[in-house]
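Trainee: Structure for this input, please:
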Amino acid sequence: MRTFYFDLDGTILDIRCRLYSIYIDIVNELGGEALSEEVYWQAKREQLPEEVIANKSNIENVQKYLRLRKESLELPKYLKYDELIPQASESLSELKKNSQMVLVTLRKSKENLYQQLRRFKIEPLFDKVLIGGDGEEQWRFKAKIISSDSHFEPQDSIIVGDTETDIHAGKFLNIGTIAVLSGIRSKNKLVLSQPDYIIKDISQLKNVLNNFLDRA
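Mentor: Got it, this is the predicted structure:
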């Protein structure tokens, strides 16, 4: 049976409002000048480092900005801004009929993660949830998490995500790779990672799945 390894943030959940809200609050706290939402997201999608974004926002204490941002990413008061990507639930439900569904995330708070999955009523759509953390390059850590799955079979696996982290992990593991444009990277940036396919969002997965089946 084919197995999908899904990233969460930017792939299944729209996290734009959460990240911009965190950014605004920290900039205000540190006395900076906030970029417009459009300019901020252009910077994020072009993979501009957070240090550069802080400098562009006239933040003097960049290290404090980085620390506050890291501490805020999974706080419930910001997670409440997340929304499902349009048609995500329907698409996942359809895929589950004939596939093994695994959620792979580098989130750190297991409690807050499961609260979100229950809130959006998508927890039952996954056969298992694999959770990671810090320690090394993100793509290496994600690859390690996936390869530790007891049912992992490279020839039957596809990873779906919105960043180079997911694509690099998939290529390292020699599995299918699908990038989505619903997250925090532009198409130009995702192309550099050379995924097998780039699609608008997971609602279009069915359009490329047959191509993977034909290659098998």
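Trainee: contacts, neighbours, all on C-alpha from now
Mentor: Noted.
Trainee: Can you tell me what sits against stretch 102-118?
Mentor: Here stretch 102-118 makes contact (C-alpha atoms under 8 Å, 6 or more residues apart in numbering) with 3-8, 74-76, 79, 123, 126-134, 138, 142, 145-146.
Trainee: Likewise for stretch 160-177?
Mentor: With C-alpha under 8 Å, 6+ apart, stretch 160-177 has contacts from 4-8, 10-11, 138-140, 142-143, 147, 154-159, 178-185, 190, 193-197, 212.
Trainee: on that earlier part again, if you look at the contacts of stretch 102-118, which of them are in strands?
Mentor: Judged by DSSP state E, strands contain the following of those: 3-6, 128-131.
Trainee: Out of these, which comes closest to Asp25?
Mentor: The shortest approach to Asp25 among the ones in strands among the contacts of stretch 102-118 belongs to Ile131, at 27.6 Å (C-alpha to C-alpha).
Trainee: Tell me the spatial nearest neighbour of the closest one, not counting adjacent residues.
Mentor: Residue nearest to Ile131 in three dimensions, not counting chain neighbours: Thr105, with 5.2 Å by C-alpha to C-alpha, 6 or more residues apart in numbering.
Trainee: per-residue pLDDT, that neighbour?
Mentor: pLDDT recorded at Thr105 is 96.
Trainee: and it, how many neighbours does it have?
Mentor: Neighbour count for Thr105, taken as other C-alpha atoms under 10 Å: 20.
Trainee: any idea how far it is from Ala43?
Mentor: 23 Å (C-alpha to C-alpha, to the nearest Å).
Trainee: Please apply the same query to Ser93.
Mentor: 33 Å.
Trainee: Repeat that for Arg119.
Mentor: Arg119 is 30 Å from Ala43, where distance means C-alpha to C-alpha.
Trainee: Look up phi and psi at Glu90.
Mentor: Here is the backbone geometry of Glu90 (degrees, to the nearest 10): phi -60, psi -40.
Trainee: Run a quick neighbour tally on it.
Mentor: Residues lying near Glu90 (other C-alpha under 10 Å) number 14.
Trainee: How about the contacts made by it?
Mentor: Counted by C-alpha under 8 Å, 6+ apart, Glu90 has zero contacts.
Trainee: per-residue confidence at it?
Mentor: pLDDT for Glu90: 96.
Trainee: Offset the numbering so it begins at 35, please.
Mentor: Let's use 35 as the start, then, which means that last one is Glu124.
Trainee: which residues does Gln134 bridge with?
Mentor: Note on Gln134: beta-bridge partners by DSSP bridges are Thr37.
Trainee: show me what contacts it?
Mentor: Listed by C-alpha under 8 Å, 6+ apart, the contact partners of Gln134 are 35-38, 160-161.
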